[in-house]
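S.K.: with the input below, show me the fold.
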Amino acid sequence: MATVDQTIEIDVPVSMAYNQWTQFETFPEFMSGVDAVRQVDDTTLHFSTNTAGVHREYDARILDQVPDSVISWESMDGPRNAGLVRFEPLGPDRSRVSVTIEWTPEGLAEKAGSAVGIDDAQVGADLHKFKKFIENRAGETGAWRETVTSGQVDDTFGGAGGGIGLDGIGLDEEPPPTGGRDF
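M.R.: Just a heads-up that it's a prediction; the model follows:
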């Protein structure tokens, strides 16, 4: 399994960065290789990707999501991947976005690309595109402020996201047999 860790600082409030990230269908505007994302339900996304001429479609589900703090996901089928995006305020108009992705390269080209750090470089480039995308807008294109815990929408906090500890999120754990939202 390959791991990518990238971080970027963005000149927008943390809520604006987080709100934009929850608009998954805009991913193709700043993520290379992502042709389309369709949100199936609150915790399931359908991805259509094309990387180095290899077209894939797969579903992913949101495991945990806390407004202005964290989003974690895992693929349900197709290429094996899981990840975590953390949002951290650095002041009233500045935030840090950190992305960790674990994935299983398939085929010689993906394995070679991973070995020389092409996946790290691509995620870094996509974060720079996200920075430009969100900083050049008057505001986010939308927001989803609910909390997801263990793959289920949690109405306990009314979308405030408080009181949930995510220190135990394990990216290398095997995914459950059922899924939810494409990611």
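S.K.: could you report the neighbour count for Leu63?
M.R.: 28 (other CB atoms under 10 Å). C-beta: built from backbone N, CA, C; applies to glycine.
S.K.: part of a strand, is it?
M.R.: Yes. Using DSSP: H, G, I helix; E, B strand; the rest coil, the assignment for Leu63 is a strand.
S.K.: and it, what pLDDT?
M.R.: Predicted confidence (pLDDT) at Leu63: the value is 97.
S.K.: swap in the one 4 residues further on?
M.R.: Pro67 is assigned a predicted lDDT (pLDDT) of 97.
S.K.: for it, what are phi and psi?
M.R.: Summarising the backbone geometry of Pro67 under the convention degrees, to the nearest 10, its torsions are phi -50, psi 140.
S.K.: that one is in contact with Arg145, isn't it?
M.R.: Yes. Using CB atoms under 8 Å, Pro67 and Arg145 qualify as a contacting pair, with a distance of 4.9 Å.
S.K.: and these two? which has more neighbours close in?
M.R.: Neighbour totals were compared for Pro67 and Arg145, and Pro67 leads with 22 against 15 (other CB under 10 Å).
S.K.: and the closest residue in space to Gly113 that isn't next to it in sequence, what helix or strand is that in?
M.R.: On the basis of CB to CB, 6 or more residues apart in numbering, the spatially nearest residue to Gly113 that is not a chain neighbour turns out to be Asp119, at 6.2 Å. Counting by DSSP states H and E, the element that carries Asp119 is helix 118-135.
S.K.: in a strand, Pro105, correct?
M.R.: No. For Pro105, which was evaluated using three-state DSSP, the result is coil, with no strand membership.
S.K.: find me the pLDDT at it, would you?
M.R.: Looking at Pro105, the pLDDT reads 78.
S.K.: center of this structure - which residue?
M.R.: Among the residues of the chain, the smallest C-alpha distance to the mean C-alpha position (CA atoms, centre = their mean) belongs to Val85, namely 5.6 Å.
S.K.: now the strands for the protein?
M.R.: Counting by DSSP state E, the segments of the chain that form strands are 2-10, 34-41, 44-51, 54-66, 70-75, 81-91, 94-103, 147-149, 152-154.
S.K.: give me whichever of those is most buried.
M.R.: Most buried of the strands of the chain by mean neighbour count (mean count of other CB atoms under 10 Å) is strand 70-75; its value is a mean of 23.
S.K.: which strands and helices lie in contact with it?
M.R.: The helices and strands touching strand 70-75, judged by 3 or more CB pairs under 8 Å, 6 or more residues apart in numbering; DSSP states H and E, are strand 54-66, strand 81-91.
S.K.: for Val123, find the nearest of the ones you listed.
M.R.: strand 81-91 (9.5 Å; CB to CB).
S.K.: can you list the helices and strands packed on strand 70-75 in TSV and add distance to Trp103?
M.R.: Output for the helices and strands packed on strand 70-75, formatted as TSV (distance: least, CB to CB, whole Å):
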stretch	distance to Trp103
strand 54-66	11
strand 81-91	4
